[in-house]
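S.K.: Predicted coordinates and the sequence they were generated for:
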Amino acid sequence: MKKIAFTLLSIAALAVSAQEIRLTPQNIDEVLSALTLEEKVNLIVGCHDAYTSKSETMIGHQERIVPDAAGTTTAVERLGVPPTVFTDGPAGVRISEWREGADRNFYATGFPIATALASSWDLDLVYETTAAMGNETLEYGCDVLLAPGTNIHRHPLCGRNFEYFSEDPILSGKMSAAYINGVQSQGVGTSIKHFVANNQETMRFVNDSRVDMRTLRELYLKPFEIALRESNPWTVMSSYDKLNGEYTQCSEWLLTKVLREEWGYDGIVVTDWTGTRNTIAQIKAGNDHLQPGTDDQVTHLMEGVQKGWITMDYIDRAARRVLEYIVKTPRYKGYQYSDNPDLTAHAALVRRVGSECMVLLKNDGDVLPLRETKNVALFGVTSYDMLAGGTGSGDVHKPYISQLSDALEAQGLTLNADIKWMYVNYKTYAQCARTARFGHGGDWQQPVLPEAAIDRTIIERAAKSSDVAIYTLGRQAGEGSDRKVEDDFNLTAQERQIIADICDAFHQQGKPVIVIMNTPSVVETASWKTQPDAILLAWEPGQEVGNSVADVLTGKVCPSGKLPCTFPNSCMDHLSSRNFPLFGGKERMPVQEWDPRSTMEYTNYEEGLLVGYRYFTTAQKAVSYPFGYGLSYTTFAYSGAKIKKVGDGFEVSVTIKNTGKVAGKEVAQLYANGVLKAFAKTRELKPGESETLTMNVPNYFLARYDVEREMWVTDKGEYTITLNSDVLTTQATLTYKVAKELTYTNDYNYTK
């Protein structure tokens with residue numbers, strides 16, 4: 001009976017299609033009526049055999065269109081419905097560099113990681129960068145870039161923090177909006193992810209994030225809300241995890257009530273790349289498309305309709321939304337992609353942007369920029385094999401990675417030949433380089449370093465013949481596992497020793513030592529930061545990493561980055577350390593093998609709102625480097641701070657003057673009662689030059705979430721407004737008064 005029923009549905013629809021219906025933006029309902037049930041279901045379920053050689057004529061099965069792209073939707077050729085292509089990821093287009101029969105490689109640009117972009121605090125720069133990403137998405141025949149990652153840095157050991165922007169929801173949301181608008185300016189889409197509370201990789205497919213409603217609304221949903229209000233991503237990606245006992249992919253409250261009814265989202269919801277779960281519950285909850293797609297999901301939906309477990313209304317709702325998405329895509333519009341984006345121009349952009357993302361953490365005696373330096377002793381494996389980005393879906397097949405060793409020599413500096421030889425030729429170096437570059441997530445292990453062969457005598461000899469020592473500290477992280485405290489967040493004994501030895505030897509000769517941190521996320525600095533003269537946090541700033549670092553070291557670029565996350569004195573100082581796997585846990589690792597707690601199938605967010613700087617400032621707990629911190633080669637003065645009411649909110653203006661001797665940029669941060677509410681960055685100011693920055697804050701941004709009343713409430717009273725250069729350094733103080741309590745329903749849109 002089931003086969004007969006499906007056949008009758010197919011015959012009826014095919015009769016309609018005899019009228020030669022072709023999909024257009026105006027006839028979506030007509031095309032929907034012409035689709036068979038099987039065709040509708042296969043639009044909803046990803047092209048589950050896109051990685052096989054099965055015939056393209058089979059429904060739900062077609063050869064991959066762009067090699068190594070993440071997923072595709074299924075074509076319905078008789079109705080003019082093309083397939084579309086989803087591709088990773090946050091730092092650029094992730095596709096295969098190799099194609100059968102091709103006489104060249106198909107590389108994509110490796111752009112700075114999200115945390116680095118956030119360190120620029122420059123929305124225009126992010127837009128410019130991601131517009132280039134969007135162009136590569138377009139020219140490589142893809143329709144959606146699976147980014148940005150908009151999850152909060154709840155804890156510094158999350159393996160995918162590098163894909164996310166910040167520990168603060170305002171900075172994260174604003175950065176996400178700029179990212180989305182930049183990519184989509186090129187006529188392709190984005191997929192904001194991972195919705196929501198996907199803040200660890202350990203047991204990520206089943207972990208239950210247990211978050212109270214106020215914290216959920218104010219911290220974890222807020223950046224998504226801001227991004228969706230200030231941009232319009234084509235897709236939202238529902239996350240792997242559970243939220244308060246229910247898979248996010250099965251949460252009608254999250255995917256329909258909050259996302260669509262409250263926030264007014266009208267794009268499609270795509271699942272993260274999940275295997276078969278409760279397929280019917282996923283569609284009922286509000287997912288429109290299931291990736292990567294399985295035969296079982298097709299079967300469940302087909303049988304579900306036949307047996308009354310799910311009505312056609314749900315099937316039609318999802319299929320209609322997918323069709324609405326498809327007509328926006330370049331593939332539907334017949335764009336003739338080139339497979340040849342301007343990688344040279346994009347590399348130049350990455351070099352410039354990468355240098356603007358770097359944070360100068362220390363510069364005693366103004367040893368930077370390097371002035372009369374000629375001879376450099378360059379230490380550290382990573383100096384010769386730098387890390388451009390993280391691993392997993394956030395990686396990119398790049399044409400090259402520029403090395404600091406090469407970049408310094410290109411700028412006229414001479415490297416100590418003995419030190420260079422030891423790193424380039426040491427027998428374990430090749431193993432180290434392969435592991436660092438191609439390792440996946442937490443499978444990357446800190447290798448045995450050539451430092452083991454560099455004894456104090458070699459360092460002392462280099463100190464006599466070199467003008468300066470530079471040591472690069474490298475770390476890697478990625479999808480699939482979380483980082484660990486020992487020998488990862490904390491330095492290894494070998495790293496601590498060589499930093500101490502270099503500093504002792506060079507300081508005895510009256511010569512400076514500089515440490516470069518080429519890391520995806522936060523590393524402990526408190527125990528060793530007093531030793532070197534300067535510390536430059538480079539993050540993983542893309543494929544031009546070596547050139548970007550060299551540009552900052554030599555003064556071609558004045559550093560202007562500020563920290564988007566706190567550097568604590570100890571990993572355990574974070575309240576969230578009480579409820580986070582601290583031993584490098586993996587997504588599927590059995591709990592009892594590595595964690596002393598009885599279970600890691602859930603994570604209690606007991607710290608509530610006290611995440612990142614909100615905790616450290618509230619508790620008045622010392623940190624190594626505070627949120628928003630960053631030095632410059634010049635100095636700035638703030639003056640003329642003013643505040644005035646504007647509409648349903650207020651406007652603050654402040655004049656910033658470059659009082660130093662070199663051109664530079666400054667970030668002004670606006671806090672209300674100690675919490676970030678706005679920020680702005682100057683253009684490059686010449687010495688003596690000024691610029692007046694203006695920041696607008698809606699009263700809604702002052703609101704707390706009232707759980708009992710289920711609404712946002714801005715309390716009556718006076719608010720202390722500060723203009724800061726970092727969260728702990730106030731440059732000007734103002735007062736803003738709210739005359740009466742203000743309330744906002746959950747669907748309030750502050751942008752209207």
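M.R.: Happy to help now that I have it. Numbers count the residues shown, from 1 in each chain.
S.K.: how's this protein carved up into domains?
M.R.: Listed by automatic domain parsing, the domain ranges of the chain are 357-572, 636-744.
S.K.: Need the pLDDT of Gly275.
M.R.: For Gly275, the pLDDT comes out at 88.
S.K.: and if you look at Ile454?
M.R.: 80.
S.K.: swap in Pro590?
M.R.: Note on Pro590: pLDDT of 51.
S.K.: Check the one 10 residues further on too.
M.R.: Per-residue confidence (pLDDT) for Met600: 66.
S.K.: again with Ile4
M.R.: So, for Ile4, pLDDT stands at 38.
S.K.: What residue, apart from its backbone neighbours, is nearest Glu139 spatially?
M.R.: With C-beta to C-beta, 6 or more residues apart in numbering as the criterion, Glu139 has its nearest non-adjacent residue at 4.1 Å, and that residue is Pro341. No exception for glycine: its C-beta is placed from N, CA and C like everyone else's.
S.K.: tell me the SS of that neighbour?
M.R.: Counting by DSSP: H, G, I helix; E, B strand; the rest coil, the backbone at Pro341 sits in coil.
S.K.: Name all residues that make contact with it.
M.R.: Contact analysis of Pro341 by C-beta atoms under 8 Å, 6 or more residues apart in numbering lists 108-109, 135-136, 139-140.
S.K.: same deal with Leu221?
M.R.: So Leu221 contacts 196, 258 (C-beta under 8 Å, 6+ apart).
S.K.: for the one 4 residues further on, same thing?
M.R.: By C-beta under 8 Å, 6+ apart, Glu225 lies in contact with 173, 263.
S.K.: Confirm that it sits in a strand.
M.R.: No - applying three-state DSSP, one finds Glu225 to be helix, outside a strand.
S.K.: So which of the contacts of Pro341 are in helices?
M.R.: 135-136, 139 (DSSP state H).
S.K.: Closest to Glu486 out of the residues you listed?
M.R.: Distance to Glu486, by C-beta to C-beta, is smallest for Glu136 among the ones in helices among the contacts of Pro341, at 38.6 Å.
S.K.: what separates Trp632 from Ser191, distance-wise?
M.R.: Just so we're on the same page, residue 632 is Ser rather than Trp. To Ser191, Ser632 is 36 Å away according to C-beta to C-beta, to the nearest Å.
S.K.: possible to save the ones in helices among the contacts of Pro341 as TSV with pLDDT and neighbour count?
M.R.: Output for the ones in helices among the contacts of Pro341, formatted as TSV (pLDDT from 0 to 100; neighbours: other C-beta atoms under 10 Å):
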residue	pLDDT	neighbour count
Asn135	98	22
Glu136	98	26
Glu139	98	22
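S.K.: least reliable of the domains of the chain going by mean pLDDT?
M.R.: Among the domains of the chain, domain 357-572 scores lowest, at a mean of 90.
S.K.: what about it, start to end distance?
M.R.: Its first and final residues considered, domain 357-572 spans 27 Å by C-alpha to C-alpha, to the nearest Å.
S.K.: Now render the ones in helices among the contacts of Pro341 as TSV, adding distance to Ile454.
M.R.: Shown next, in TSV, are these (distance: C-beta to C-beta, whole Å):
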residue	distance to Ile454
Asn135	44
Glu136	40
Glu139	45
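S.K.: Could you let me know which of those residues ends up closest to Tyr719?
M.R.: Among the ones in helices among the contacts of Pro341, and counting by C-beta to C-beta, the member closest to Tyr719 is Asn135, at 42.4 Å.
S.K.: That closest one contacts Gln186, correct?
M.R.: Yes - between Asn135 and Gln186 there is a contact under C-beta atoms under 8 Å: 5.0 Å.
S.K.: The stretch 401-550 of the chain: helices as residue ranges?
M.R.: Per DSSP state H, counting those that start in this stretch, the stretch 401-550 of the chain carries helices over the ranges 404-410, 417-425, 429-438, 456-465, 493-508, 545-553.
S.K.: For the fourth one, C-alpha coordinates in CSV please.
M.R.: So the one you mean is helix 456-465. Taking C-alpha atoms only, helix 456-465 is exported to CSV below (Å, rounded to 0.1, in the frame of the first residue of the first chain):
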residue,chain,number,x,y,z
ARG,A,456,72.8,27.6,27.3
THR,A,457,76.2,27.8,25.5
ILE,A,458,74.6,28.1,22.1
ILE,A,459,72.2,30.8,23.4
GLU,A,460,75.0,32.8,25.1
ARG,A,461,77.0,32.7,21.9
ALA,A,462,74.0,34.0,19.9
ALA,A,463,73.5,36.8,22.5
LYS,A,464,77.0,38.1,21.8
SER,A,465,76.6,38.2,18.0
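S.K.: Show residues contacting that helix.
M.R.: 375, 377, 416, 418-419, 422, 469, 498, 501-502, 505-506, 508-509, 511.
S.K.: one step back: more neighbours: Ser632 and Ser191, which one.
M.R.: Legend: neighbour count by other C-beta atoms under 10 Å for Ser632 and Ser191, higher for Ser191 (29 against 21).
S.K.: Validate this expectation: the more buried one resides in a strand.
M.R.: Yes - assigned with three-state DSSP, Ser191 falls within a strand.
S.K.: Who does the closest residue to it other than its chain neighbours form a beta bridge with?
M.R.: The shortest distance from Ser191 to any non-neighbouring residue, by C-beta to C-beta, 6+ apart, is to Thr235 (4.1 Å). Beta-bridge pairing for Thr235 (DSSP bridges): Ser191, Ile268.
S.K.: what residues are up against Gly110?
M.R.: Counting by C-beta under 8 Å, 6+ apart, Gly110 has contacts 91-92, 350, 388-389, 396, 398, 401, 542-543.
S.K.: give me that answer again for 7 Å
M.R.: By C-beta atoms under 7 Å, 6 or more residues apart in numbering, the contact set of Gly110 is 91-92, 388-389, 396, 398, 542-543.
S.K.: Let's have those in TSV, adding secondary structure.
M.R.: Shown next, in TSV, are the contacts of Gly110 (three-state DSSP):
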residue	secondary structure
Ala91	coil
Gly92	coil
Ala388	coil
Gly389	coil
Val396	coil
Lys398	coil
Gly542	coil
Gln543	coil
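S.K.: out of those residues, who's nearest Ile656?
M.R.: Gly542 (28.1 Å).
S.K.: Double-check the closest one against Leu117; I have them as touching.
M.R.: No - in this structure Gly542 lies outside contact range of Leu117 using C-beta atoms under 7 Å: 9.7 Å.
S.K.: and stretch 74-84, average pLDDT?
M.R.: Stretch 74-84 comes out at a mean pLDDT of 96.
S.K.: how about that stretch as PDB, C-alpha atoms only?
M.R.: Below are the C-alpha coordinates for stretch 74-84, written out as PDB (Å, rounded to 0.1, in the frame of the first residue of the first chain):
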ATOM      1  CA  THR A  74      19.100  18.100  -4.000                       C
ATOM      2  CA  ALA A  75      18.100  19.100  -7.500                       C
ATOM      3  CA  VAL A  76      14.700  18.700  -9.100                       C
ATOM      4  CA  GLU A  77      15.700  19.200 -12.700                       C
ATOM      5  CA  ARG A  78      12.200  18.800 -14.200                       C
ATOM      6  CA  LEU A  79      11.000  21.900 -12.300                       C
ATOM      7  CA  GLY A  80      14.100  23.900 -12.700                       C
ATOM      8  CA  VAL A  81      15.300  23.500  -9.100                       C
ATOM      9  CA  PRO A  82      19.100  23.400  -9.100                       C
ATOM     10  CA  PRO A  83      21.300  21.900  -6.400                       C
ATOM     11  CA  THR A  84      23.100  24.400  -4.200                       C
END
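S.K.: List the buried residues in it.
M.R.: 74-76, 78-84 (16 or more other C-beta atoms under 10 Å).
S.K.: so which two of the contacts of helix 456-465 are the farthest from each other?
M.R.: By the measure C-beta to C-beta, Met422 and Gln508 form the most distant pair in the contacts of helix 456-465, at 21.3 Å.
S.K.: Sounds good, over and out.
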